[in-house]
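Asker: coordinates only, no sequence provided:
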RNA sequence: GUCCCCAUCGUCUAGCCCGGCCCAGGACACCGCCCUUUCACGGCGGCGACGCCGGUUCAAAUCCGGCUGGGGACGCCA
């Protein structure tokens, strides 16, 4: 019996195999077996995938991959007002970019309403839930009054023992929560956490319009999907006791919880837009590599001794919830830059070429055949922290300098420049250099012959070739550009001298 | 306000569970030197922390208590 269905078209058929999209396997009520490790990432589609969510997804994914478990994606779209298809797509796109492929799903809670209603009815029938006719306004007023008096603003239970049941009047359904004792759980990250039941009130499980609420749906879904470990942000710690009570009332086994500390901004406040980009896709667009973001994110809150660099395989192999810290961490863009630079330096030029293409296109460079982009990239890998920066630095290869750094050029007199350009152009055309090293050797020869020091030849040449003094090694530029183009640029610079 | 959680360099963290090897290690950032045809890369070195107060102990970053500080939750949001 299939309970959950897929409703939406996924942006990337390759990432979430079509077979799984059309036929999600999901059985009811096989909830007794906890032997299989099953985790899930359950974002609500009310915005893009932010770095906090991405880290939660990554930890879940890593945990599943480490133990050969199952990673499930579930879209929590019960808030039909704020949920959008656009957000669903953005989340899927972000996960695809990070390579967090799911084994089951994406499932949508809105496809599941009948199932939740069934459970609400069950609770009602068993006397574990009751109807409540209190108006939102009066609840709000009571909340404020409680706050003002320094009490915890919780539902006072007015309708708990209400005698008349005017079913034709608008009402919600509340869970009849235990009022005495405590609800505790052993969190994999934080240890034992206990809440006095007196702190918890009768939460609404079904709204006036009959739609189920978050805390209720989560429990039903996690139970029926046989989720064994709930790994989520620690802003959910306070929801956990309520959910545990629901599991117990419903007779479902309680999963193991692991609450991951939040990611904060530089001011130690919860990370938000004002701290800079928080969208995963924004990082892609700023020229970060997915492996860099993943590596950065995995080290935020988790560590493996002094190790800093983790390949995907190493992450999977070494990741362990036990080594996740209990305190929140501050998002540090500088370290992300360092990791990104590392992966750019060690990346395969051909792959980097594919990734760089869009950044060049946005700068008006669409034909990257000549000079060969991979060759260009190999001269830039040690000089760029992001693909955006690399694209900027790559520009001169495709757009010959229109003007030269005059200030730098002014350090040399024109006869000297002309002599250097002439000598280099001649020598370069004659010799058949095939490597940057040979090329550099050629310049040394020219220095010797002309009685010049290397900077006297190097700087003018760099300016002639790239327009500026900050560029890759000259031999590298010449090889990437091709001798013919290099000579042409030198001739052009020489001609410009007489203007 | 009430409840829950947290607390090592500016930041990410190791060490803490099972006290001594820690006058606390690594990384990012920053500073200096070296390398060098520019910019970078790289190498070497420097700066820099156990929040505070008590207690336990021969001995505490490590155990206990309090304080302070920070975060989170208190919705017919998720």
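Answerer: Looks like it arrived, so ask away. Because the structure is a prediction, the values reported are computed rather than measured. Residues are numbered from 1 along each chain as shown, chains lettered A, B, ... in the order given.
Asker: can you pull the contacts of residue A:367?
Answerer: Residues in contact with residue A:367, defined by Cβ atoms under 8 Å, 6 or more residues apart in numbering, are residue A:398. Heads up, the C-betas are built off the backbone N, CA and C, glycines and all.
Asker: actually residue A:365, not the one I typed
Answerer: By Cβ under 8 Å, 6+ apart, the neighbours of residue A:365 are A:394, A:395, A:398, A:399.
Asker: do that again at 7 Å, thanks
Answerer: If you count contacts by Cβ atoms under 7 Å, 6 or more residues apart in numbering, residue A:365 has them with A:395, A:398.
Asker: which residues does residue A:184 contact?
Answerer: With Cβ under 7 Å, 6+ apart, residue A:184 has these contacts: A:192, A:193, A:194.
Asker: quick check, it in a strand?
Answerer: Yes: counting by DSSP: H, G, I helix; E, B strand; the rest coil, residue A:184 falls inside a strand.
Asker: which bits of the stretch 1-150 of chain A sit near RNA strand B?
Answerer: Residues of the stretch 1-150 of chain A lying near RNA strand B by Cβ under 7 Å from any atom of the strand: A:43-44, A:46, A:76-79, A:82, A:134-136, A:139, A:143, A:147, A:150.
Asker: same thing but 10 Å
Answerer: Counting by Cβ under 10 Å from any atom of the strand, the stretch 1-150 of chain A comes close to RNA strand B at A:42-46, A:53, A:55, A:74-83, A:109-110, A:132-140, A:142-144, A:146-150.
Asker: return a ChimeraX selection command for the buried portion of the contacts of residue A:184.
Answerer: In ChimeraX syntax, the buried subset of these is picked out as below (16 or more other Cβ atoms under 10 Å):
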select /A:193
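Asker: which of the contacts of residue A:184 fall in strands?
Answerer: A:192, A:193, A:194 (DSSP state E).
Asker: state the distance from the closest residue to the last one other than its chain neighbours to residue A:176.
Answerer: Computed as Cβ to Cβ, 6 or more residues apart in numbering, the closest residue to residue A:194 that is not its neighbour in sequence is residue A:184, at 3.7 Å. With the distance defined as Cβ to Cβ, to the nearest Å, residue A:184 ends up 20 Å from residue A:176.
Asker: what sits up against the helix or strand containing residue A:475?
Answerer: When elements are assigned from DSSP states H and E, residue A:475 belongs to helix A:474-481. Identification of contacts with helix A:474-481 by Cβ under 7 Å, 6+ apart yields A:371, A:375-376, A:379, A:397, A:435-437, A:439-440, A:443, A:458, A:461-462, A:465-466, A:471, A:486.
Asker: restrict these to contacts with RNA strand B.
Answerer: Answer for those near RNA strand B (Cβ under 10 Å from any atom of the strand): A:379, A:436, A:437, A:439, A:440, A:443, A:458, A:461, A:462, A:466, A:471.
Asker: give me the neighbour count for the second one.
Answerer: By the other Cβ atoms under 10 Å criterion, the neighbourhood of residue A:436 contains 19 residues.
Asker: that one and residue A:473 touch, don't they?
Answerer: Yes: using Cβ atoms under 7 Å, residue A:436 is in contact with residue A:473, at 6.5 Å.
Asker: what about the residue nearest to residue A:194, distance to residue A:257?
Answerer: On the measure of Cβ to Cβ, residue A:184 and residue A:257 end up 11 Å apart.
Asker: which parts of chain A are strands?
Answerer: Going by DSSP E, chain A shows strands at A:38-41, A:70-75, A:104-108, A:129-132, A:172-175, A:182-187, A:191-196, A:204-206, A:229-233, A:256-260, A:263-264, A:329-330.
Asker: same list (these) but as a markdown table, adding distance to residue A:64 and mean pLDDT.
Answerer: What follows is those, written out as a markdown table (distance: least, Cβ to Cβ, whole Å; pLDDT from 0 to 100):
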| stretch | distance to residue A:64 | mean pLDDT |
| --- | --- | --- |
| strand A:38-41 | 5 | 97 |
| strand A:70-75 | 4 | 96 |
| strand A:104-108 | 11 | 92 |
| strand A:129-132 | 33 | 95 |
| strand A:172-175 | 30 | 96 |
| strand A:182-187 | 19 | 94 |
| strand A:191-196 | 23 | 92 |
| strand A:204-206 | 29 | 95 |
| strand A:229-233 | 9 | 96 |
| strand A:256-260 | 13 | 96 |
| strand A:263-264 | 21 | 94 |
| strand A:329-330 | 23 | 94 |
